[in-house]
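Asks: Sequence first, then the predicted structure, then my questions.
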Amino acid sequence: MKKTGLIAGFSFLAGAVFFAMSFGFFHHGGPRNAELSPEIAQADSVPLPAGGAPNFVPIVKRVKPAVVQVVSDTIVERRSPFGDDFFDQFFNVPRQRERRQGMGAGFFISADGYILTNNHVVKDAVKVKVLTIDQKEYPAKVIGTDPKTDLALLKVDVKNFPFIVLGDSGKVEVGEWVLAIGNPLGQAFTVTSGIISAEGRQLGMADIEDFLQTDAAINMGNSGGPLINMRGEAIGINSSILTPNQGSIGIGFSIPSNMAKKVVADLKGKGKVVRGWFGITMNYLTDSQAKEYDIGSAGALVMSVEEGSPADRAGLKRYDLIVTANGKKINSAIDLQQEIANSNPGDTVEVQLIRNNKSLTLKVKVSEAPTSMRIEGGDDGDGSSIDLGMIVEKNSSALARQYELKTSAGILVKKVQQGGIAAANQLRAGDVILGVNRTEITSVEQFGRIMSGKQPGSSVLMLINRGGNESMIRFEIPEE
């Protein structure tokens with residue numbers, strides 16, 4: 001099978017490509033900005049001239065001053081070729097650290113200095129700065145990030161700065177002209193043109209995906225830059241490409257602006273993105289598959305319902321086929337996922353479903369989607385809980401690719417506190433907990449319930465996957 005490359009920084013996997021390319025130098029170019037109003041005005045679609053090709057010049061002049069280079073500094077540890085713990089165990093010296101610099105793109109979305117970019121451009125950054133088209137440099141604060149969509153919101157201290165309006169990506173049509181602006185391979189403020197090639201693409205790189213596909217050239221350094229329509233609006237945030245050779249072959253992907261609007265609003269108002277949650281896994285059935293299985297309609301087929309979840313409380317069952325949500329037809333699994341994710345905790349989502357060839361309507365009161373959780377043990381006798389010193393997150397295909405895991409089952413140990421109980425029991429970041437006391441672990445909440453019921457001095461038997469190898473460990477909660 002022909003392989004394609006997935007770059008996250010400089011990490012290569014099968015699939016699409018994330019860009020946050022490091023350079024020893026940057027080339028800044030472009031004319032100085034003069035007499036620009038803060039809001040970059042929307043325009044009617046650009047008419048085709050007699051030659052047949054659109055004139056992009058007016059749009060580029062309006063939007064280009066709002067696009068920035070995003071430069072991030074990260075601190076990385078030099079790893080021993082003999083293993084991560086080699087220096088600690090045998091030489092008792094700390095590992096050496098070095099500073100690395102990455103570069104991507106971003107763009108102003110408001111006159112008061114808010115900038116939208118990709119999460120992977122600023123991930124783990126200790127310092128972020130932006131450079132404008134007129135070669136001015138500003139320190140940037142990371143307001144918040146959303147790894148589930150690969151978006152991040154930055155803020156710089158400016159006023160009345162030119163910005164680009166986030167358009168309505170729901171009105172995008174395949175075949176319409178678009179422009180991609182960014183810093184490909186260090187070539188600052190480069191503009192490329194193309195069309196929308198497809199909508200609703202899912203690549204398996206992020207937890208929530210609904211990519212716009214374009215043939216406008218996108219390369220390393222374009223990440224976080226805008227995808228502009230013919231009205232001068234950003235209808236996408238450039239994120240990735242599909243390629244066998246790390247270069248553009250005309251298959252690029254952008255995060256839709258409508259998805260970004262909720263992320264921006266939540267990060268501004270709450271500091272994090274809050275999404276609704278059903279607690280189901282699902283597959284999508286096409287019309288032909290529905291006929292084959294004698295179901296009668298296409299829709300999202302419920303494969304599992306998590307115990308105690310909103311879906312469970314509402315009465316959803318495995319093999320229910322959800323055909324509408326809040327009156328909207330479910331044309332793909334992403335339709336239902338988006339309807340749930342865009343709801344807020346406490347909202348009610350009405351679903352129409354087919355069960356045993358009978359139509360039913362259920363109302364699901366959504367709760368907040370769980371992300372990661374600090375795990376604690378049971379009551380230590382005075383009503384308080386015991387911090388087990390680790391943070392875990394439900395595993396997924398996206399996490400398995402991101403961390404190069406050998407499984408997408410169970411829950412992932414994201415962080416282990418040095419000197420904590422988890423560390424004392426030899427758990428490590430990157431371990432995947434598959435089972436406890438011979439019970440399969442399928443969620444963070446389930447694991448939390450099991451561990452919170454254990455008293456000091458008790459122990460559990462954990463099945464873990466470490467580097468593709470499964471083993472049993474006895475996890476002991478110490479006496480106080």
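Replies: Ah, there it is.

Asks: In this structure residue 355 contacts residue 317, no?
Replies: Yes: because the distance of 6.9 Å satisfies Cβ atoms under 8 Å, residue 355 is recorded as touching residue 317. C-betas here are computed from N, CA, C, even on glycine.

Asks: Before we go further, residue 61 is sitting in a strand, right?
Replies: No: secondary structure assignment places residue 61 outside any strand; it is helix (DSSP: H, G, I helix; E, B strand; the rest coil).

Asks: And it, how far from residue 189?
Replies: In this view, residue 61 and residue 189 are 12 Å apart by Cβ to Cβ, to the nearest Å.

Asks: neighbour-wise, which of the two wins?
Replies: residue 189 (23 against 13; other Cβ atoms under 10 Å).

Asks: Look up how far residue 68 lies from the more buried one.
Replies: Distance, residue 189 to residue 68, by Cβ to Cβ: 9 Å.

Asks: Which strands or helices does the longest helix along the chain pack on?
Replies: Counting residues, the longest helix found in the chain (DSSP state H) is helix 257-270. Secondary-structure packing of helix 257-270 (3 or more Cβ pairs under 8 Å, 6 or more residues apart in numbering; DSSP states H and E): strand 114-117, strand 137-146, strand 151-155, strand 234-242.

Asks: pLDDT (mean, whole number) over that helix?
Replies: Averaging pLDDT along helix 257-270 yields 92.

Asks: Alpha carbons only: can I get that helix in PDB?
Replies: Only the C-alpha atoms of helix 257-270 are listed here, as PDB (Å, rounded to 0.1, in the frame of the first residue of the first chain):
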ATOM      1  CA  SER A 257     -15.000  28.600  10.300                       C
ATOM      2  CA  ASN A 258     -18.300  27.600  11.800                       C
ATOM      3  CA  MET A 259     -16.500  25.000  14.000                       C
ATOM      4  CA  ALA A 260     -14.000  27.700  14.900                       C
ATOM      5  CA  LYS A 261     -16.700  30.200  16.000                       C
ATOM      6  CA  LYS A 262     -17.700  28.000  19.000                       C
ATOM      7  CA  VAL A 263     -14.100  27.400  20.000                       C
ATOM      8  CA  VAL A 264     -13.300  31.100  19.900                       C
ATOM      9  CA  ALA A 265     -16.400  32.000  21.900                       C
ATOM     10  CA  ASP A 266     -15.700  29.400  24.600                       C
ATOM     11  CA  LEU A 267     -12.000  30.100  24.900                       C
ATOM     12  CA  LYS A 268     -12.800  33.900  25.300                       C
ATOM     13  CA  GLY A 269     -15.500  33.400  27.800                       C
ATOM     14  CA  LYS A 270     -14.600  30.300  29.700                       C
END
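
Asks: Show me what residue 281 is bridged to.
Replies: Assessed by DSSP bridges, residue 281 has beta-bridge partners residue 304.

Asks: what does residue 254 give?
Replies: Here residue 254, judged by DSSP bridges, has bridge partners residue 212, residue 238.

Asks: Could you tell me how far it is located from residue 139?
Replies: Counting by Cβ to Cβ, the gap from residue 254 to residue 139 is 27 Å.

Asks: So between those two, which is more surrounded?
Replies: residue 254 (29 against 10).

Asks: Surely the more buried one and residue 239 touch.
Replies: Yes: in terms of Cβ under 8 Å, residue 254 counts as a neighbour of residue 239; the distance is 6.1 Å.
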